[in-house]
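Asker: Pasting a predicted model and its sequence here:
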Amino acid sequence: MPTLVSSSGDAAENAQEPGIRYGRPLALLASLFFMWGFITVINNTLLPHLRS
């Protein structure tokens, strides 16, 4: 009967192909998302102040 658990290498090591890194694009996307949210929230606060 074949084994279900592979004994060759670490599971995290086999999760991605070598050379593919998503850290920088993910950080950029998260930064843009939070900047957009901050601008949206600060916009509701600044509009009444700037109208006066």
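Answerer: Perfect, I can see it now. Numbering: from 1, shown residues only.
Asker: Counting neighbours, what do you get for Arg21?
Answerer: Around Arg21 there are 9 other residues, counting by other CB atoms under 10 Å. C-betas here are computed from N, CA, C, even on glycine.
Asker: ugh, wrong one, I meant Ser31
Answerer: 10.
Asker: repeat for Ile39
Answerer: By the criterion of other CB under 10 Å, Ile39 has 10 neighbours.
Asker: Report the secondary structure state of it.
Answerer: Classification of Ile39 using DSSP: H, G, I helix; E, B strand; the rest coil returns helix.
Asker: Need the pLDDT of it.
Answerer: pLDDT for Ile39: 91.
Asker: From His49, how far out is it?
Answerer: Counting by CB to CB, to the nearest Å, the gap from Ile39 to His49 is 15 Å.
Asker: Can you give me the buried ones in whichever strand or helix holds Leu29?
Answerer: Using DSSP states H and E, Leu29 sits within helix 23-51. Using 16 or more other CB atoms under 10 Å as the test for burial, helix 23-51 gives no buried residues.
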